[in-house]
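In: Quick one: sequence and predicted model below, then my questions.
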Amino acid sequence: MASSSFIAILTFAFLLFLGTTSAQLSTNFYSNSCPRLFSTVKSTVQSAIKNEARMGASLLRLHFHDCFVNGCDGSVLLDDTANFTGEKNAVPNQNSVRGFNVIDNIKSAVEKACPGVVSCADILAITARDSVVILGGPSWNVKLGRRDARTASQAAANNSIPPPTSNLNQLISRFSALGLSTKDMVALSGSHTIGQARCTTFRARIYNETNLESTLAQTRQSNCPRTAGSGDNNLAPLDLQSPTAFDNNYYKNLIQNRGLLHSDQQLFLNGGSTDSIVRGYSNSQSTFTSDFAAAMIKMGDINPLTGSNGEIRKNCRKPN
């Protein structure tokens, strides 16, 4: 009898442990400790996007690149030092991820409102949501309670963020490894309805690939020379039609072979396993935005630091 009671207690403890991480993230985590958090973040994000519409996509991307590397822990924000190598100069991030000054401004404003309370990881999650909303996309209730990593991994960043050369199976596999379904992957890829890409990320596609609409290829070649090292950082919109509006044009472009990145067009191959999802989103913006919001919540759940793990950074660029 005693042994069965002991087993029952152990089983309950184990189940409690399994539920701990997700249970510690909640949409009202700061409702008492920082009641002005959402308004403080949103006003700074609005100001940044008003100053530069592209910044909304950059801030959304920061949250992606944070969560895909050892979880949503703010590690992408840590600066390199003489004794520490962070993620900012990893191949997917170098000369590419941006918006760090905006995050600094948000953190400063939040620290004035409630010092030492809100993590940089949570600021990234809220900022991503606000950026999407400001550019006309869906809203969702952001789960909060993440804490900040004290370290980062350039190697993990190099290996974890799907490159623009990825094929469909690689994309499905990478997202699956993080607990995200194929539908989640296609929906989250719709973030490329906003923002710009550098010539170096699409050069091979516009000169070598045949499943790219010819007029678009010619347009992009005019600003992206064939020779590597020439015009590498020249920019082009990922969605030619509405690069600062969060809509479903990205999927309409894919059906017309107008995906700018190789990894974008992989979602619609005229016979590929994700073609039907792309068609669905191209026909229904509401289906896309609903699935996108749900997938963002799932992505925000990837391996957060909670409880006594990690810390609440005072400065998002360095550990306390």
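Out: That came through, no problem.

In: With adjacent residues omitted, what lies nearest to Gln265?
Out: The shortest distance from Gln265 to any non-neighbouring residue, by Cβ to Cβ, 6 or more residues apart in numbering, is to Gly259 (3.5 Å). (Glycine included, C-beta is placed from N, CA and C.)

In: Check the secondary structure at that neighbour for me.
Out: Classification of Gly259 using DSSP: H, G, I helix; E, B strand; the rest coil returns coil.

In: same check, this time on the one 10 residues further on
Out: When states are read from three-state DSSP, the local structure at Leu269 comes out as coil.

In: Could you do Asn93 as well?
Out: Counting by three-state DSSP, the backbone at Asn93 sits in coil.

In: my guess is it meets Phe64, correct?
Out: No. Between Asn93 and Phe64 there is no contact under Cβ atoms under 8 Å: 11.0 Å.

In: Kindly point out which residues are neighbours of both of the two.
Out: The contact sets of Asn93 and Phe64 overlap at Ile161 (Cβ atoms under 8 Å, 6 or more residues apart in numbering).

In: pLDDT value on the residue nearest to Gln265, please?
Out: For Gly259, the pLDDT comes out at 98.

In: The one 5 residues further on now?
Out: At Asp264 the predicted local confidence, pLDDT, stands at 98.

In: what's near enough to touch it?
Out: By Cβ under 8 Å, 6+ apart, the contact set of Asp264 is Pro164, Ser189, His192, Leu238, Tyr250, Leu254.

In: Give me the buried positions along stretch 161-174.
Out: Ile161, Pro162, Pro164, Ser166, Leu168, Leu171, Ile172, Arg174 (16 or more other Cβ atoms under 10 Å).

In: can you list those in TSV and add secondary structure, pLDDT and distance to Ser214?
Out: As requested, the buried residues of stretch 161-174 are arranged in TSV below (DSSP: H, G, I helix; E, B strand; the rest coil; pLDDT from 0 to 100; distance: Cβ to Cβ, whole Å):
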residue	secondary structure	pLDDT	distance to Ser214
Ile161	coil	96	30
Pro162	coil	96	27
Pro164	coil	97	21
Ser166	coil	97	24
Leu168	helix	98	23
Leu171	helix	98	25
Ile172	helix	98	29
Arg174	helix	97	31
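
In: now, the most widely separated pair of these?
Out: Within these, Ile161 and Leu168 form the most distant pair, 16.8 Å apart (Cβ to Cβ).
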